[in-house]
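[1] Take this sequence and fold it.
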Amino acid sequence: MIPMNTYKITLIALLASLAVVGRYALAFIPNVQPVTAIIILGGIWLGPLSAVILALLITFLSNVLLGMGIWTIWQIVAWGLIGFMSGILGKCWREIPLPLLSIFGAFSGLLYGFIISLTMYSYAGSFWGYYLAGLPFDLYHAIGNAVFIFVLSPVLSKLFQRYNKQWILT
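    This is a model prediction of the structure:
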């Protein structure tokens, strides 16, 4: 296990700020934001613990700007689970093809929506009604994740490769 060092903490902070700014800037488009894609990429390159920390930071900081509520807890749970899964995936399979990674991102968008629906249905009264009403938004999230992974993966991989080189040299 790679311990936290200054470069890794800085990288997590940079990714969190990128995701918060992206979520805030794209708030006018329902469920299309780079958060899940950044958590997935961070988990694959930095590991499960870093991805969970990243999910916690992004959720808290972006909800300070966009609004806190009971959903914040479940967003942390959903994004933390996605980050943990991507971290495990990255430990098992280092060179994941980009199309497969985008499919995982799309699946993660649907999983996120399912977890939020599962936990919020008690306020809506009916799980299936709440879930089916939110399904188009979950599809927006899934498609957005696939696109963001295609766009961000080549750019962010340079940061992660530099991190790996820095870790090997120290």
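
[2] Contacts only, for the closest residue to residue 116 other than its chain neighbours.
    Closest residue to residue 116 apart from its sequence neighbours, by CB to CB, 6 or more residues apart in numbering: residue 74 at 5.6 Å. (Glycine included, C-beta is placed from N, CA and C.) With contacts defined as CB atoms under 8 Å, 6 or more residues apart in numbering, the neighbours of residue 74 are 115-116, 119-120.

[3] Can you classify residue 31 by secondary structure?
    coil (DSSP: H, G, I helix; E, B strand; the rest coil).

[4] and it, how many neighbours?
    As a burial measure, residue 31 scores 20 neighbours (other CB atoms under 10 Å).

[5] Assess the claim that it and residue 138 are in contact.
    Yes - between residue 31 and residue 138 there is a contact under CB atoms under 8 Å: 7.1 Å.

[6] tell me, what's touching these two both at once?
    With CB under 8 Å, 6+ apart, residue 31 and residue 138 have common neighbours 109, 113.

[7] May I ask which helix or strand of the protein has the lowest mean pLDDT?
    helix 127-169 (a mean of 85; mean pLDDT, DSSP states H and E).

[8] For it, which helices and strands make contact with it?
    helix 6-25, helix 35-46, helix 98-124 (3 or more CB pairs under 8 Å, 6 or more residues apart in numbering; DSSP states H and E).

[9] Comparing those, which comes out most buried?
    Of all the helices and strands packed on helix 127-169, helix 35-46 has the most neighbours on average by mean count of other CB atoms under 10 Å, namely a mean of 28.

[10] For that helix, name the packing helices and strands.
    Helix 35-46 packs on helix 6-25, helix 48-66, helix 71-92, helix 98-124, helix 127-169, going by 3+ CB pairs under 8 Å, 6+ apart.

[11] Now do the buried residues in stretch 123-134.
    By 16 or more other CB atoms under 10 Å, the buried positions in stretch 123-134 come out as 130-131, 134.

[12] Going by distance to residue 22, which of those residues wins?
    residue 134 (21.3 Å; CB to CB).

[13] contacting residues around residue 131?
    113-114, 117-118, 121.

[14] returning to what we had before: what's the closest of the helices and strands packed on helix 127-169 to residue 152?
    helix 35-46 (5.7 Å).

[15] now that closest one: mean pLDDT?
    Averaged across helix 35-46, pLDDT comes to 95.

[16] Would you mind getting the angle between it and helix 48-66?
    Angle of helix 35-46 versus helix 48-66, following axes from the mean of the first three to the mean of the last three CA atoms, to 10 degrees, is 150 degrees.
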